[in-house]
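A.B. asks: have a look at this prediction, sequence included:
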Amino acid sequence: MKKIILLSFISAICFGCGRFDNKDEKQENKERIVLISKQYCEIIHALNAEENVVAVDISSVYPPKVKELPTVGYHRALSLEGLLAAKPTLIMHNGLKSLGPDHIVKQLQDLQIPMKEFDTKSEDIESTKALIQEMGNYFKKTAKADSLCTKLDADMKLAMENVTQYVDTPKVLVIHFGRASNVYLVMTKKGTAAKMVEWAGGTMAVTDTSGMRHLSAEVVTQYDPDVILLTDFGYDRLGSNEKIQELPGVSSTTAARNNKIYRVNECDLVYLGPRTGEITLELQKLIHQ
């Protein structure tokens with residue numbers, strides 16, 4: 001009699017916690033996607049295909065609700081513990097060369113966790129639309145992908161029409177990272193930010209194509225930009241535009257004198273996506289106002 005009561009008690013606990021019911025079994029079989037690409041992250045959410053996304057890397061911050069998800073470290077400084085805690089059935093990334101450190105990537109490969117990289121490389125508007133379409137096909141969201149591409153085309157068409165009306169070509173300095181010992185990490189003519197500044201009717205202050213560059217405060221002064229765009233990463237604690245205008249090197253620029261220093265979202269300038277047209281239109285307002 002005691003044995004029967006005990007078995008009944010254990011059964012009640014197991015079934016009461018839902019361990020063996022159909023809903024939980026379905027959850028166990030559900031795909032669990034970890035995204036290690038801020039570009040993929042935005043596109044997947046724009047497609048309304050984020051249902052099975054369970055974790056992201058810390059550079060994925062758009063849309064804002066992504067910040068509620070667990071993170072697995074920076075894409076070049078991944079946390080194996082964080083990745084395994086997410087229990088991924090699929091890891092999406094935009095190239096093994098963008099992942100690190102190497103020993104973590106090797107461990108992931110040894111664990112044989114499936115990985116997915118889309119074939120299309122986004123380098124301009126047409127290839128960005130192709131990537132959106134490829135991802136739309138993968139997630140069975142083709143109609144939504146079509147809609148996103150149509151809007152991107154319309155926004156870029158308006159931006160290009162606006163450019164023909166501008167009589168000035170402001171020189172823009174994009175400071176990507178907070179300063180250390182009065183040295184700034186800035187964006188050059190090589191990269192997505194330069195394309196977007198040019199689409200907006202401006203020109204990059206740093207015209208070489210070396211990629212990211214560290215500039216001293218003195219060199220920032222010498223470039224003397226008409227407009228300075230500061231990414232919001234690295235300057236969050238300065239408190240006000242007045243404090244930003246007092247930064248060494250920045251304070252003596254034309255941009256500071258004319259109060260044309262603006263904060264922008266870092267993600268908006270480092271990859272192309274469904275909002276690129278919108279962002280270009282916003283940049284036009286900033287640099288030409």
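C.D. replies: Nice, thanks for sending it over. No experiment lies behind these values; they were computed from the predicted model shown. Residues are numbered from 1 along each chain as shown.

A.B. asks: so what secondary structure elements neighbour the helix or strand harbouring residue 157?
C.D. replies: Per DSSP states H and E: residue 157 is located in helix 142-163. Applying 3 or more Cβ pairs under 8 Å, 6 or more residues apart in numbering; DSSP states H and E, one finds that helix 142-163 makes contact with helix 125-138, helix 192-199, helix 276-288. (Glycine included, C-beta is placed from N, CA and C.)

A.B. asks: what angle separates the last one from helix 125-138?
C.D. replies: Orientation of helix 276-288 against helix 125-138 (axes from the mean of the first three to the mean of the last three Cα atoms, to 10 degrees) gives an angle of 140 degrees.

A.B. asks: contacts for helix 276-288, please.
C.D. replies: The contact list for helix 276-288 (Cβ atoms under 8 Å, 6 or more residues apart in numbering) reads 125, 128, 151-156, 158-159, 162-163, 166, 168, 170, 172, 196-197, 199-202, 226-227, 229, 260, 262, 264, 268-269.

A.B. asks: which among these count as buried?
C.D. replies: For these, burial is judged from neighbour counts taken by 16 or more other Cβ atoms under 10 Å, and it is met by 125, 128, 152, 155-156, 159, 162-163, 170, 172, 196-197, 199-202, 226-227, 229, 260, 262, 264, 268-269.

A.B. asks: give the contact list for the closest residue to residue 258 other than its chain neighbours.
C.D. replies: Of all residues beyond its chain neighbours, the one nearest residue 258 is residue 226 (7.5 Å), with distances taken as Cβ to Cβ, 6 or more residues apart in numbering. For residue 226, the contact set (Cβ under 8 Å, 6+ apart) comprises 170, 171, 172, 254, 255, 258, 260, 287.

A.B. asks: distance of the first one from residue 187?
C.D. replies: So the one you mean is residue 170. Here the criterion is Cβ to Cβ, to the nearest Å. By it, residue 170 lies 15 Å from residue 187.

A.B. asks: again with the last one
C.D. replies: With distances defined as Cβ to Cβ, the gap from residue 287 to residue 187 amounts to 14 Å.

A.B. asks: so for those two, which sits in the more crowded spot?
C.D. replies: When residue 287 is set against residue 187 and neighbours are counted by other Cβ atoms under 10 Å, the residue ahead is residue 187, at 26 against 23.

A.B. asks: test my guess that the more buried one contacts residue 174.
C.D. replies: Yes: contact criterion Cβ atoms under 8 Å: residue 187 and residue 174 qualify, at 4.1 Å.

A.B. asks: quick check: neighbours shared by those two?
C.D. replies: Here residue 187 and residue 174 have 193, 204, 269 as joint contacts, going by Cβ under 8 Å, 6+ apart.

A.B. asks: residue boundaries of the helices in the stretch 151-289 of the chain?
C.D. replies: Taking DSSP state H, counting those that start in this stretch as the criterion, the stretch 151-289 of the chain carries its helices at 192-199, 217-223, 241-245, 254-257, 276-288.

A.B. asks: pick the most deeply packed of the ones you listed.
C.D. replies: By mean neighbour count, with neighbours taken as mean count of other Cβ atoms under 10 Å, helix 192-199 ranks first of those at a mean of 21.

A.B. asks: keeping just the C-alphas, turn that one into PDB.
C.D. replies: Coordinates of the C-alpha atoms in helix 192-199 are reproduced here as PDB (Å, rounded to 0.1, in the frame of the first residue of the first chain):
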ATOM      1  CA  THR A 192      29.400  51.300 -44.700                       C
ATOM      2  CA  ALA A 193      29.400  54.600 -42.900                       C
ATOM      3  CA  ALA A 194      31.100  56.300 -45.800                       C
ATOM      4  CA  LYS A 195      28.500  55.000 -48.200                       C
ATOM      5  CA  MET A 196      25.700  56.300 -46.100                       C
ATOM      6  CA  VAL A 197      27.300  59.700 -45.600                       C
ATOM      7  CA  GLU A 198      27.800  60.000 -49.300                       C
ATOM      8  CA  TRP A 199      24.200  58.900 -50.000                       C
END
